[in-house]
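Visitor: Could you work out the structure for the sequence below:
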Amino acid sequence: MSKEGAKNWYVIDGYLPYKGKIDNDSLEGHEAIMILNCHDTDAEIFMDIFYEDREPDTDIKLTASARRVKCIRMDHPDEIGGIALDRQLQYSLRFRSDVEVIIQYGRMDVAQPNLAYIGMIGYSE
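Guide: Numbers count the residues shown, from 1 in each chain. All right, here's what the predicted structure looks like:
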């Protein structure tokens, strides 16, 4: 099996934006994590959320099925182990997987009239 991805990923710039919507549009501010598993076995992943002023939430279990992408909205507590992140709160993420995966992060910020979307790949080792 060839190596596709990495087992440890870090997304440093978490910051859940305003939820506000653009007039007459259904877009809302949010962040999302996409986990791509190209392998033939499911990936068991543990996510940790680090904050500036308190201890982290750790060992949030996620599963990325074999040869699938897992999409997680950071403003949906049911998708991140029941953790309700405050909006406009700086945080960072660490992912530890038992199978090599590829993780990408995206943020849609609609706090201004011009739509902003940031997509970036995390750091891995």
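
Visitor: What's the separation between the residue nearest to the spatial centre of the chain and G122?
Guide: With distances taken as CA atoms, centre = their mean, I33 lies nearest the centre of the chain, 2.8 Å away. Using CB to CB, to the nearest Å, I33 is found at 9 Å from G122. All C-beta atoms are positioned from the backbone trio N, CA, C, and that covers glycine.

Visitor: which residues are common contacts for these two?
Guide: Taking CB atoms under 8 Å, 6 or more residues apart in numbering as the criterion, I33 and G122 both touch V11, L93, I103, Q104, Y105.

Visitor: what about burial for those, which qualify?
Guide: V11, L93, I103, Q104, Y105 (16 or more other CB atoms under 10 Å).

Visitor: of all these, which two lie farthest apart?
Guide: L93 and Q104 (11.9 Å; CB to CB).

Visitor: G106 against I118, yeah?
Guide: Yes. Here G106 reaches I118: they are 6.6 Å apart, a contact under CB atoms under 8 Å.

Visitor: What pLDDT does the model give the closest residue in space to M74 that isn't next to it in sequence?
Guide: Nearest residue to M74, sequence neighbours excluded (CB to CB, 6 or more residues apart in numbering): E31, at 4.2 Å. Looking at E31, its pLDDT is 91.
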